[in-house]
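**Q** Okay, here's the prediction I keep looking at, along with the sequence it came from:
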Amino acid sequence: GAVVSQHPSRVICKSGTSVKIECRSLDFQATTMFWYRQFPKQSLMLMATSNEGSKATYEQGVEKDKFLINHASLTLSTLTVTSAHPEDSSFYICSARGGRENEQFFGPGTRLTVL
Amino acid sequence: AQSVTQPDIHITVSEGASLELRCNYSYGATPYLFWYVQSPGQGLQLLLKYFSGDTLVQGIKGFEAEFKRSQSSFNLRKPSVHWSDAAEYFCAVGARGGYNKLIFGAGTRLAVHP
C-alpha cells in the first residue's frame, strides 16, 4: 500500500514551452502533497506544499507563476512548469501525506530536460 | 537556520562489512529525524524515524540509528551490508514537526563491493 506515482517519468521539451507533471496517490487519499526539486548530487529542496482544494504554499525563492501547482482532488496534484528554460532542467519529486502516521510517501520522480 | 549535513558524499564498503552513515542537524527545537533510501527508478523509502523516546531506533532492512542530542547527530548503522543496500541515503529533519516540511541533507551514495 501507500504507492505514489508520477507521470511522465522523463520529459524533454523545448525552451519556452510548458510541461505538466502529475502526481497520484494510488491507494490512499492525500489532503496534502509536496513538490521537491533535486539537483544532481544534491539534496531534495521543497518547492511547495499543496492542500486539496486550496492554493499551494510556496517556499521562499520559488516562483509561483513559473511553477503552477494544482491539487484538485484527494489523489492528484499537478505541477506545471511554464515557459520552461534550460535552468529548469532537474529531477522533480512529489510526495503525498497519508496513512496512520500521516507519513510522506514519495513518487519515483520526473526527469525534466529543457533544450 | 535549520539544516542537515551529511559529511560523506560517497562511501564504499565490502559486502558483509559494517556501515555507519553520518548525519548532523541544526535545529532549534526537539528534532523529528528521518533516514530515507533512494534507489534508481523508485521513490524515497523511509528506513526509520525518531520522534521521541528511546534514542536508538530500529528500522527496516536491518538498519538502526542513534539520536545523540549532545552531538546533534543521527547516524545510520547496519552491522552487515548486503549488495542490495547500494543506493543513495538521505537524512532529513522535520522542520515543522512530524512529517511536515522535510529538510534533507545532500545524501550519501553507498557502493558495495562483492
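**A** Noted; the coordinates are in hand. What you see is a predicted model, and the numbers here were worked out from it, not measured in a lab.

**Q** rest of the way, CA atoms for contacts and neighbours
**A** Will do.

**Q** would you say residue B:11 is within a strand?
**A** Yes. Under DSSP: H, G, I helix; E, B strand; the rest coil, residue B:11 sits within a strand.

**Q** How many residues are close by it?
**A** Number of residues near residue B:11 (other CA atoms under 10 Å in any protein chain shown) recorded here: 14.

**Q** how much space is there between it and residue A:63?
**A** Between residue B:11 and residue A:63 the distance is 36 Å, computed by CA to CA, to the nearest Å.

**Q** ditto for residue B:35
**A** Counting by CA to CA - residue B:35 and residue A:63 are separated by 29 Å.

**Q** With residue A:115 instead?
**A** Distance, residue A:115 to residue A:63, using CA to CA: 20 Å.

**Q** Over to residue A:8?
**A** For residue A:8, the distance to residue A:63 - CA to CA - is 22 Å.

**Q** Over to residue B:2?
**A** From residue B:2 across to residue A:63, the span is 22 Å (CA to CA).

**Q** now the strands: where do they sit in chain B?
**A** Using DSSP state E, the strands of chain B run over B:3-5, B:10-14, B:19-21, B:24-26, B:33-38, B:45-50, B:56-58, B:64-68, B:73-78, B:87-94, B:102-104, B:108-113.

**Q** go on, chain A?
**A** Under DSSP E, chain A gives strands at A:4-7, A:10-13, A:19-25, A:32-38, A:44-51, A:57-58, A:67-73, A:76-81, A:90-98, A:103-106, A:110-114.

**Q** want to throw these into a markdown table with mean pLDDT and distance to residue B:99?
**A** A markdown table is the format used below for the strands of chain A (pLDDT from 0 to 100; distance: least, CA to CA, whole Å):
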| stretch | mean pLDDT | distance to residue B:99 |
| --- | --- | --- |
| strand A:4-7 | 96 | 16 |
| strand A:10-13 | 96 | 27 |
| strand A:19-25 | 97 | 17 |
| strand A:32-38 | 95 | 11 |
| strand A:44-51 | 93 | 12 |
| strand A:57-58 | 94 | 16 |
| strand A:67-73 | 92 | 19 |
| strand A:76-81 | 96 | 18 |
| strand A:90-98 | 94 | 8 |
| strand A:103-106 | 92 | 6 |
| strand A:110-114 | 97 | 22 |
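
**Q** Out of the ones you listed, which gets nearest to chain B?
**A** Comparison of the strands of chain A against chain B by CA to the nearest CA identifies strand A:103-106 as nearest, at 5.0 Å.

**Q** Please see if the closest one touches chain B.
**A** Yes. Strand A:103-106 lies within reach of chain B by CA under 8 Å from any CA of the partner chain, at A:103-106.

**Q** close to chain B, is stretch A:46-57?
**A** Yes. Using CA under 8 Å from any CA, stretch A:46-57 comes into contact with chain B via residue A:46.

**Q** Would you mark the buried spots in that stretch?
**A** Burial within stretch A:46-57, assessed by neighbour count using 16 or more other CA atoms under 10 Å in any protein chain shown, is assigned to A:46-52, A:56.
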